[in-house]
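Q: Only the shape, not the letters, is given here:
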């Protein structure tokens, strides 16, 4: 048996699955992540449990679904009785640290995010790069260097893309430096660290020197079908005009093809900056002799529409480009195979039990995910992958009247917008790009009803397995 691993959990923000060269993107410049994929197990169909940040993060940090954690919205504080996996590692004697975003509570209107008992001993908090709070550790780091975020901003290239700080002063670089310091300072001790950069989350503002690597004319256009709009829901139609349905900000409906290609270039440039910084972090593991004994996860909290289906950013949208994320895991000393691709469905709710299983720590009965460790160590995936994945959106960010649930199998996907007569039903074998919504198609009603029942069952069976004790009558 290998000894319990250190844990390095690299979580980017709003990064789609198809952004890495080794995962099929011919435009990507990701040599570090390409090599990391070849050294690891890659889950090719990993799905988040919410298409927006806070519910997704609360879910994968607890191993519980959003409806169960009761952190169902951005800005909604996770209840204090929810147990984060980082707290469990802390209680087991691990030194725990975080750099970047946590996002399990409100942090708006000048209010700093309230911490739960998260277990992080070293907490370098920066919800986003903008200097909205004195407590932003990234802002403090810039001040130590005699810089401010505002003065480092580059030019606006269009209403949709601008140049952000140079790479040496970027928030992603700062996150990497805090991670590297932690790795060096804790060599020889058991540790757990969360790297939570803001990239490639919008606004699309990479360093100018990275954007230059992606010629706009060579970039692809979004995946859109000319006849899909009339089958879309009102939520999707509204977001085709203004991202997040917020008039006056990002006018999706006014974009030219040149604008769309430039946004794609900027997004991929941000991914390349992440790739470089991950390279620095992995080198620190090598330099300190901790590479074999450290379980490293690379993943993201959810995807980005990036113009596909006519929509940018995120919202009550359950397309695969929003829900499917990279998930790559390496742990040489733990018997994790290298270069293995697992095609079956898994959920991010599986991550917390996987980490506890790898460390030999007890899995709480409150957790709803299941450990991926057997697959990581070579077991046949058919015994451990999911038959279906489930996700939720309950007035989670934009569109206050959007209450949606999604159930996806390998063959079909259904999305129900509760309280309305709207929904989506896709035959993924015939329509893998999700262009043809069959919700109202007369020939699809029998199959749709079967999926409706499965989705309803999933919503019931994902309730808290250990609810509060019932009071006396």
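A: On my side now, so go ahead. Fair warning: this is a prediction, and the values are worked out from it, not measured in the lab. Numbers count the residues shown, from 1 in each chain.

Q: All the helices of this protein, in order from the start?
A: Listed in chain order, the helices of the chain (DSSP state H) span 31-38, 53-62, 66-69, 85-91, 137-144, 171-185, 208-211, 234-239, 257-287, 320-323, 351-358, 373-376, 445-461.

Q: pLDDT score for residue 2?
A: Note for residue 2: predicted pLDDT of 72.

Q: wait, doesn't it sit right on residue 334?
A: Yes: counting by C-beta atoms under 8 Å, residue 2 touches residue 334, with 5.0 Å between them. In short, each C-beta sits where N, CA and C put it, glycine included.

Q: The two - which one has more neighbours?
A: residue 334 (21 against 14; other C-beta atoms under 10 Å).

Q: State the distance from that one to residue 416.
A: According to C-beta to C-beta, to the nearest Å, residue 334 and residue 416 sit 40 Å apart.

Q: before we move on, what about residue 149?
A: 42 Å.

Q: Give me the phi and psi for the closest residue to residue 320 other than its chain neighbours.
A: Once flanking residues are discounted, residue 320 sits nearest to residue 434: 6.6 Å by C-beta to C-beta, 6 or more residues apart in numbering. For residue 434, the backbone dihedrals (degrees, to the nearest 10) come out as phi 60, psi 50.

Q: so residue 434 touches residue 415, yeah?
A: No: the pair residue 434 and residue 415 does not pass the contact test of C-beta under 8 Å, sitting 9.9 Å apart.

Q: more crowded one of the two?
A: residue 415 (26 against 21).

Q: Quick check, pLDDT for that one.
A: pLDDT, residue 415: 98.

Q: Could you check how many residues crowd around the closest residue to it other than its chain neighbours?
A: Nearest non-adjacent residue to residue 415, counting by C-beta to C-beta, 6+ apart: residue 424, 4.0 Å away. By other C-beta under 10 Å, the residues close to residue 424 number 23.

Q: do residue 72 as well
A: Residue 72: 23 neighbours (other C-beta under 10 Å).

Q: For it, which residues are in contact?
A: 50, 55, 66, 392, 394, 395, 396 (C-beta atoms under 8 Å, 6 or more residues apart in numbering).

Q: Format those as a markdown table; extra columns: neighbour count.
A: Below are the contacts of residue 72 laid out as a markdown table (neighbours: other C-beta atoms under 10 Å):
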| residue | neighbour count |
| --- | --- |
| 50 | 32 |
| 55 | 32 |
| 66 | 28 |
| 392 | 24 |
| 394 | 17 |
| 395 | 16 |
| 396 | 28 |
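
Q: which one of those residues is nearest residue 156?
A: Distance to residue 156 across the contacts of residue 72 (C-beta to C-beta) is lowest for residue 396, with 29.8 Å.

Q: what sits against that closest one?
A: 50, 51, 52, 54, 55, 66, 72, 73, 74, 316, 402.

Q: Ok, residue 403 next?
A: Here residue 403 is in contact with 393, 394, 395, 417, 418, 419 (C-beta under 8 Å, 6+ apart).

Q: From the residues you listed, which land in strands?
A: 393, 394, 417 (DSSP state E).

Q: count of neighbours near the last one?
A: Okay, so that is residue 417. So residue 417, with other C-beta under 10 Å, has 22 neighbours.

Q: i'd like the first residue to be 127 from this point on
A: All set: I'll call the first residue 127, so the last point we hit is now residue 543.

Q: circling back to that earlier point, as CSV, the ones in strands among the contacts of residue 529 with distance to residue 490 would be great.
A: Below are these laid out as CSV (distance: C-beta to C-beta, whole Å):
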residue, distance to residue 490
519, 26
520, 24
543, 33
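
Q: In the stretch 177-326 of the chain, mark out all the strands, start to finish.
A: Assigned by DSSP state E, counting those that start in this stretch, the stretch 177-326 of the chain shows strands spanning 221-226, 248-251, 317-322.
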